[in-house]
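**Student:** got a structure for you, letters missing:
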Ligand code: PNS
């Protein structure tokens, strides 16, 4: 059984994340979308809210589940028996950071490998922080995030519709 982890902040999940989830569901027997909980980081959404949004998003895929983790990603991978980490690449600008992350993770645990998947070019500019800014200022984000996330964003920024 090939189990992979798709980790991230998912604060909130975007259609770019959904695209990677859809692609990875075809490549692995089981994919765990793992929501990071870093006490040193301030999130817009609680870990419960981020997991709720993702649970709704992964409903169509019977080989994808949602979990959360604290601490080192490679230790979490060890605990659940996964040897593959999936990360999405939107543009070249993502590469340097992702390269460092992958190499650091390999130094920490050489059994765990990272694979990169290219996000559909329609979402190359879609980033959680940008989506939040547009939503906060009343812009249309309906084609950038799934409906469940739009609902959570409207609630976060008290936008009537
Ligand atoms: O969606 P993000 O914010 O780009 O995800 C980054 C994430 C959560 C995958 C990364 O920060 C991470 O793995 N954090 C867990 C702590 C850890 O293992 N840090 C060392 C990796 S270099």
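**Tutor:** Arrived safely, thanks for sending. Quantities reported herein were computed from a predicted structural model and do not represent experimental measurements.
**Student:** hey, let's count contacts and neighbours off CA atoms from now on
**Tutor:** Will do.
**Student:** Residues of the protein that sit close to the ligand?
**Tutor:** Residues of the chain lying close to the ligand (CA under 6 Å from any ligand atom) are 7, 8, 9, 10, 36, 71, 72, 73, 101, 104, 105.
**Student:** Identify the farthest-apart pair in those.
**Tutor:** Spanning the widest gap among the residues of the chain next to the ligand are 10 and 104, at 21.1 Å by CA to CA.
**Student:** Which of these two has more residues huddled nearby?
**Tutor:** residue 10 (21 against 13; other CA atoms under 10 Å).
**Student:** how about the helices in this protein?
**Tutor:** Here the chain has its helices, by DSSP state H, at 15-27, 47-57, 73-80, 92-108, 128-136, 147-156.
**Student:** any chance of the ones you listed in JSON lines, plus distance to residue 121 and mean pLDDT?
**Tutor:** As requested, those are exported to JSON lines (distance: least, CA to CA, whole Å; pLDDT from 0 to 100):
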{"stretch": "helix 15-27", "distance to residue 121": "9", "mean pLDDT": "97"}
{"stretch": "helix 47-57", "distance to residue 121": "20", "mean pLDDT": "98"}
{"stretch": "helix 73-80", "distance to residue 121": "27", "mean pLDDT": "96"}
{"stretch": "helix 92-108", "distance to residue 121": "12", "mean pLDDT": "95"}
{"stretch": "helix 128-136", "distance to residue 121": "16", "mean pLDDT": "97"}
{"stretch": "helix 147-156", "distance to residue 121": "20", "mean pLDDT": "97"}
